[in-house]
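Undergrad: quick one, structure for this:
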Amino acid sequence: MQATNPSDEDKPGRSVLVTGGNRGIGLAIANAFLANGDKVAITYRSGEVPEGLLGVKADVTSEEQLDAAFTEVEAAHGPVEVLVANAGITRDTLLLRMSETDFTDVIDTNLTGAFRVIKRASKGMIRLRRGRVVLISSVTGLYGAPGQINYSASKAGLVGIARSLTRELGSRGITANVIAPGFIDTDMTAELPEDTRKSYLATIPAGRFASPDEVAKVVRWVASEEAGYISGAVIPVDGGLGMGH
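TA: Sure thing, here's the model as predicted:
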């Protein structure tokens, strides 16, 4: 069994990178680590970089951009010790209307993009002999959703990545886990028609949407020393919607 040093594993000031971290759930995750005293960097494609965060512009579909982003983060904060693969897109439409580009664009960003950032981050983690990888999936990756065959497939694939990574690198003190949020109270859900919101709420046993902070706190915990013996797990944050599926 690979021993870890808790003083290194969970000390404040770890180098944390959150992809797609300048808005929504990604920003909440970045701020949760920042509040923990960690050095937090985010990747982003557009928009502003919130105060206190190191912003590196990069598209997860570009290996070259990601390598440059990691190089910048490593120079400023040291090797990435906690990676949160959060960047993602949607191209929702029913199967018979879904183009091949609709499908492949989502897979390339959400699934292959996660592969790219994990591969780059793992180099430093292997040298350190410790690391935390957290993949942001979705309840639809386990539960399915009409109009989201592309998105659901990309999010389901993250489970296979986490479990295979656990088997490959678990002996190096590296964990890989999946967080599967349900309906989260974001700008996108706030713009839904009232009838649609009510129909979604009716399916959630908790009877409400989650706040981004509720997802962020689970991410921060699973990246902590307290969760050091958890790897390859899928943790739902969905108010009971998926019942673990």
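Undergrad: got phi/psi on Met98?
TA: Main-chain torsions, Met98, degrees, to the nearest 10: phi -80, psi 120.
Undergrad: for stretch 72-86, which residues meet the burial criterion?
TA: Judged by neighbour count using 16 or more other C-beta atoms under 10 Å, the buried positions of stretch 72-86 are Glu72, Val73, Glu74, His77, Pro79, Val80, Glu81, Val82, Leu83, Val84, Ala85, Asn86. Where C-beta positions appear, they are placed from N, C-alpha and C, glycine not excepted.
Undergrad: go on, stretch 223-233?
TA: Ala223, Ser224, Glu225, Ala227, Gly228, Ser231, Gly232, Ala233.
Undergrad: okay, that stretch in PDB with CA atoms only?
TA: What follows is stretch 223-233 as a C-alpha-only set of coordinates in PDB (Å, rounded to 0.1, in the frame of the first residue of the first chain):
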ATOM      1  CA  ALA A 223      -9.800  16.200  -3.000                       C
ATOM      2  CA  SER A 224      -8.900  16.300   0.700                       C
ATOM      3  CA  GLU A 225      -6.800  14.000   2.900                       C
ATOM      4  CA  GLU A 226     -10.000  12.900   4.600                       C
ATOM      5  CA  ALA A 227     -11.000  11.200   1.300                       C
ATOM      6  CA  GLY A 228      -7.600   9.700   0.600                       C
ATOM      7  CA  TYR A 229      -8.900   6.100   0.500                       C
ATOM      8  CA  ILE A 230     -11.700   6.900  -1.900                       C
ATOM      9  CA  SER A 231     -10.900   6.400  -5.600                       C
ATOM     10  CA  GLY A 232     -12.900   5.300  -8.600                       C
ATOM     11  CA  ALA A 233     -16.100   6.400  -6.900                       C
END
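Undergrad: which residues does that stretch contact?
TA: Stretch 223-233 is touched from outside by 4, 6, 9-10, 16, 33, 82, 84, 132, 134, 162-163, 166-167, 170, 175-178, 221-222, with contacts defined as C-beta atoms under 8 Å, 6 or more residues apart in numbering.
Undergrad: buried only: go through those residues for me.
TA: Neighbour-count burial (16+ other C-beta under 10 Å) applied to those gives 4, 9-10, 16, 33, 82, 84, 132, 134, 162-163, 166, 175-178, 222.
Undergrad: out of these, list just those in helices.
TA: If you go by DSSP state H, the buried ones among the contacts of stretch 223-233 have Glu9, Phe33, Ala162, Arg163, Thr166, Val222 in helices.
Undergrad: farthest-separated two in these?
TA: Phe33 and Arg163 (24.1 Å; C-beta to C-beta).
Undergrad: just give me the neighbour total for the nearest residue to Glu48 once chain neighbours are set aside.
TA: The shortest distance from Glu48 to any non-neighbouring residue, by C-beta to C-beta, 6 or more residues apart in numbering, is to Asn22 (6.7 Å). Asn22 has 20 neighbouring residues, counting by other C-beta atoms under 10 Å.
Undergrad: cool, thanks, signing off.
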